[in-house]
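In: sequence? don't have it. structure:
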């Protein structure tokens with residue numbers, strides 16, 4: 001079961017769907033990620049794509065982000081996310097958008113939104129393709145604030161191409177079968 005690792009909701013056990021359709025980020029990876037970006041989180045606007053359980057956006061708000069927007073298209077996962085938002089009492093700071101990532105990015109562009117951190121954890125089999133598509137929209141739409149971070153969680157055996165993504169590659173961090181790849185605006 002995922003849990004909130006730190007901050008005001010520390011220790012809260014979050015609900016996760018049964019089965020293999022959703023693969024929540026492990027606490028180890030989540031803790032390492034947030035430790036490495038801790039200076040980006042206070043008062044940040046955080047976008048969580050392929051949100052699954054909502055744990056990454058909830059963790060960001062727990063650690064001091066001003067607001068998190070969670071994007072998920074699976075109805076069952078959205079029901080879980082709503083429960084997790086209620087469980088942490090973050091209804092005023094965490095917003096769920098139930099639609100596919102491409103449509104959500106179009107909508108956020110229309111709303112003239114920008115984010116300090118954009119985190120994406122797609123199904124590993126499509127991570128490389130989604131990283132290319134999403135990074136193009138991030139750049140074309142101006143969705144990432146100056147000095148903002150775009151972070152992709154993907155399988156460690158499949159490196160993302162640093163040359164085709166139109167943001168600046170920063171670094172990769174490997175945690176067993178999981179890799180986090182960081183890009184900056």
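Out: Sure, I can see it. What you see is a predicted model, and the numbers here were worked out from it, not measured in a lab.

In: and the longest strand along the chain, which strands flank it?
Out: Criterion DSSP state E: the longest strand present in the chain is strand 144-155. Paired strands of strand 144-155, with direction, are strand 115-120 (parallel), strand 178-184 (antiparallel) (DSSP bridges).

In: I'd like the next helix or strand past the first one.
Out: So that's strand 115-120. Following strand 115-120 in sequence order, the next helix or strand is helix 127-141 (DSSP states H and E).

In: that following helix to strand 144-155, inter-axis angle?
Out: Using axes from the mean of the first three to the mean of the last three Cα atoms, to 10 degrees, the inter-axis angle of helix 127-141 relative to strand 144-155 is 170 degrees.

In: show me what helix 127-141 is packed up against.
Out: Judged by 3 or more Cβ pairs under 8 Å, 6 or more residues apart in numbering; DSSP states H and E, helix 127-141 is in contact with helix 101-110, strand 115-120, strand 144-155. C-beta coordinates here come from the backbone N, C-alpha and C atoms, glycine included.

In: and it, what's its mean pLDDT?
Out: The pLDDT scores in helix 127-141 average 93.

In: which parts of that helix are buried?
Out: Going by neighbour count (16 or more other Cβ atoms under 10 Å), the buried part of helix 127-141 is 127-128, 130-131, 134-135, 137-139, 141.

In: in this structure, where is pLDDT below threshold?
Out: 19-22, 163-164 (pLDDT under 70).

In: adding distance to residue 62, write the buried residues of helix 127-141 out as TSV.
Out: Shown next, in TSV, are the buried residues of helix 127-141 (distance: Cβ to Cβ, whole Å):
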residue	distance to residue 62
127	26
128	30
130	26
131	26
134	25
135	27
137	28
138	25
139	29
141	28
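
In: perfect, I'm done here.
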